[in-house]
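# based on what follows, work out the 3D shape:
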Amino acid sequence: MKTLLTIICFLHIGFLFAQPRSFDVCSNCEISNLSRALELASKHDTIILKPGTYKEYNVIIDKPITIIGEGEAVIDGESKGEVLKVVSDSVHLEGFKIINVGTSYTSDYAAIRIAKTKHFKIYNVRLEKLFFGIYLENAEHGEVIGNTIIGDAVEEFNSGNGIQLWYCKNVKVIDNRVEQVRDGIYLEFSDNIEIENNISSHNVRYGLHFMFSNNDSYRGNTFENNGAGVAVMFSKHINMSGNTFKKNWGTASFGLLLKEINDAEIIGNTFQENTIGISIEGSNRIEYRNNEFISNGWALKVRGACYTNTFTDNNFLYNSFDISYNSKINDNIFEQNYWSNYSGYDLDKDGIGDVPYRPVKLFSYIVNRTPETIVLLRSLFMDIIDFSEKVSPVFTPDNLLDPKPRMKRLL
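Coordinates of the predicted model:
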C-alpha cells in the first residue's frame, strides 16, 4: 500500500512540473532579458515581456513557446543584426515592438525571421527602423495578423521588404499595415497564400510583388501611393478581388502589372488615379469582371501576347485613355462594360447601347510611340484623328470593340 501511494505521489509531482509555466521579464524581475528567459523556459511555456526596453539581437527561438508583450515592451536590436530568429515549430509572438534592425549588403537581416518551421503565429507586433520586417523562409501553416511595419526606406538598394515569403505554403497574411519599405509584401515560390485586408502604402517600389507563386488569393487590400504599384509575375490560378489600387503615379508606374499570368480572376477591384490601371503582358485566360477604372491615365495597357481574356461588367470612368493596344490582332472579349466616353444611343431601352463602342483611340496609339504628343491630349487635333480611326480603323484592331456597351454605370 505504501509503495502504491509513493508511486501516485511521484506521478502527481511529475504532472505538476510538466504543466506549462509563465515567466515574467522586466528590469526588476528575477529574469531581466529575453535570452535568459528562453534558456530557462521549457516547451510550451509563456514568456511575458513587461513594459521596458530590452537591448538584444540575434535571439534564437528553438523551442515551441509563446512570447507576449505587455504595454510598451520594446526589443532594441541596436542596429547590430537580426533580432529574432524562429527555428522551432509552434511559436507564438504577440504584442511587443522591435526597433533598430541591422542593415547589411550581404545578409537580409530581419526583425523577425521564421526559418523552416510550421504552425507559427505573429500577432499585433510593431516593427520600426528596420531592414527587412517579417521574413518567412520555407515556412508553412502560419499566420501573420494585425502587425504594423513602418520603415524609413529612401532607395531600393539599401532597403528591405516589409513582409517577405520565400518558398512558403499555406500562410495567412491579414490586417497588416506596411509603409516606407522597398516592397510592402513580397512573395516568391509561395503557394496557397491568403493576403487579406492589408494596407500597403508609400513604399519605395511595390505595394505587393510576387513571382512564381500559384493558387494564391488577394482580397480586400489597399495599395496606395507606392513607387510602381503592384507587380504580379510568372504565376497561375490567382484570385484578386475587392482590392483598391490608388494613386500609384510615375512615368513607369501602374496600379497592377500582370506579366506571364495565366488562369486567374481579377474581380471587383478599384483602380483609381494611377498612371496605368492595369498593364498586361503575356497573360492569358483571365477573367476581368466588376472592376472600376476611375480617372487613370490609361485604364488598360495591353502590351501583347494576351489571349482568351474576358472583360465584362466593368466600369470605365473618366480615364484619359480606356485601352491601349499594341497589336492588330485581338483574341480577347470586351462585352457589356460601361464606358463614360460612350456617346451611343439605346432606342429599344434595354440598357444596352445600339452602337458598338471602340475603346482604342488612335491618339493612344500615337502617344505610345511618341510620348511627347501627350501635350495634345485635349486638343481639337486629337478629336479629329480619333474620329477618323473610328470611321475606318487602320492602326487599331478592327474587332476590338464592345458590341453591347451598357448605358448606365454598374453599381
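
# which ones are touching the closest residue to Ile267 other than its chain neighbours?
Among residues not flanking Ile267 along the chain, Ser241 sits closest, at 4.5 Å (Cβ to Cβ, 6 or more residues apart in numbering). C-beta: built from backbone N, CA, C; applies to glycine. By Cβ atoms under 8 Å, 6 or more residues apart in numbering, the residues touching Ser241 are 217-220, 265-269.

# counting neighbours, which of these end up buried?
Among the contacts of Ser241, the ones that count as buried by 16 or more other Cβ atoms under 10 Å are 218-220, 266-269.

# could you dump these into a markdown table with secondary structure, distance to Ile150 and pLDDT added?
Listed next are those as a markdown table, based on DSSP: H, G, I helix; E, B strand; the rest coil; distance: Cβ to Cβ, whole Å; pLDDT from 0 to 100:
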| residue | secondary structure | distance to Ile150 | pLDDT |
| --- | --- | --- | --- |
| Tyr218 | strand | 22 | 98 |
| Arg219 | strand | 24 | 98 |
| Gly220 | coil | 21 | 98 |
| Ile266 | strand | 30 | 98 |
| Ile267 | strand | 31 | 98 |
| Gly268 | coil | 29 | 98 |
| Asn269 | coil | 26 | 98 |
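
# and the furthest pair within these?
The most widely separated members of the buried ones among the contacts of Ser241, counting by Cβ to Cβ, are Gly220 and Ile266 (14.2 Å).

# shaky segments in the stretch 1-150 of the chain?
1-18 (pLDDT under 70).

# in it, which spans are helices?
Under the criterion DSSP state H, counting those that start in this stretch, helices of the stretch 1-150 of the chain are mapped to 2-18, 34-40.

# could you report the separation of Ala73 from Ser343?
Note on Ala73: its distance to Ser343, by Cβ to Cβ, to the nearest Å, is 62 Å.

# between these two, which one's more packed in?
Remark: of Ala73 and Ser343, Ala73 carries more neighbours, 22 against 8, as counted by other Cβ atoms under 10 Å.

# can you give me the neighbour number for the residue nearest to that one when sequence neighbours are not counted?
What sits nearest to Ala73 in space, not counting adjacent residues and going by Cβ to Cβ, 6+ apart, is Leu49, at 3.9 Å. Using other Cβ under 10 Å, Leu49 has 25 neighbouring residues.

# again with Gly351
The local packing of Gly351 (other Cβ under 10 Å) involves 11 other residues.

# ok, Asn290 - contacts?
267-268, 313-314, 410.

# run through who's touching stretch 103-118.
Stretch 103-118 has contacts (Cβ under 8 Å, 6+ apart) with 77, 79, 81-91, 93, 98, 101-102, 120, 122, 125, 127, 130-142, 158, 160, 164.

# quick check: buried residues in it?
Residues of stretch 103-118 classed as buried: 103, 109-114, 117-118 (neighbour count, 16+ other Cβ under 10 Å).

# hmm, back to that, filter the contacts of stretch 103-118 to the buried ones?
Buried members of the contacts of stretch 103-118, scored by 16+ other Cβ under 10 Å, are 77, 81-86, 88-91, 93, 98, 101-102, 120, 122, 125, 127, 130-137, 139-142, 160, 164.

# give me the domain ranges for the chain.
Domain assignment for the chain by automatic domain parsing gives 22-227, 231-360+396-411.

# I'd say the residue nearest to Ala73 and Gly69 touch.
Yes - counting by Cβ atoms under 8 Å, Leu49 touches Gly69, with 4.5 Å between them.

# overlap in contacts, the two.
In contact with both Leu49 and Gly69: Phe96, using Cβ under 8 Å, 6+ apart.

# mind listing what the closest residue to Gly95 other than its chain neighbours touches?
Distance criterion Cβ to Cβ, 6+ apart; nearest residue to Gly95, sequence neighbours excluded, is Gly69 at 4.1 Å. Counting by Cβ under 8 Å, 6+ apart, Gly69 touches 49, 94-97, 125.

# change it to 10 Å
If you count contacts by Cβ atoms under 10 Å, 6 or more residues apart in numbering, Gly69 has them with 25, 47-52, 54, 75, 93-98, 124-126.

# please apply the same query to Asp175.
Taking Cβ under 10 Å, 6+ apart, we find Asp175 in contact with 123-124, 144-147, 196-199, 220.

# mind redoing it with 7 Å?
145-146, 197-198 (Cβ atoms under 7 Å, 6 or more residues apart in numbering).

# what's the answer for Asp76, then?
For Asp76, the contact set (Cβ under 7 Å, 6+ apart) comprises 53-55, 99-100.

# what's the farthest-apart pair in these?
The widest separation within the contacts of Asp76 (Cβ to Cβ) is 11.8 Å, between Tyr54 and Asn100.

# count the neighbours of Ser320 for me.
Close neighbours of Ser320, defined as other Cβ under 10 Å, add up to 17.

# that one reaches Ser295, doesn't it?
No - contact between Ser320 and Ser295 fails when scored by Cβ atoms under 7 Å: they sit 8.5 Å apart.

# list residues touching both of the two?
Common neighbours of Ser320 and Ser295 (criterion: Cβ under 7 Å, 6+ apart): none identified.

# separation between Glu128 and Asn147?
Relative to Asn147, Glu128 is positioned 12 Å away (Cβ to Cβ).

# let me redo that: Asn192
21 Å.

# okay, those two: which has more neighbours?
Asn147 (26 against 17).

# ok, that one - contacts?
Contacts of Asn147 (Cβ under 7 Å, 6+ apart): 122, 124-125, 134, 176.

# from those residues, which two are the most distant?
Within the contacts of Asn147, Asn124 and Ile134 form the most distant pair, 12.5 Å apart (Cβ to Cβ).

# which residues touch Ile337?
No, residue 337 isn't Ile; it's Asn. Contacts of Asn337 by Cβ under 7 Å, 6+ apart are 311-314, 316, 402, 405-406.

# out of the residues you listed, which is most surrounded?
Phe316 (30 neighbours).
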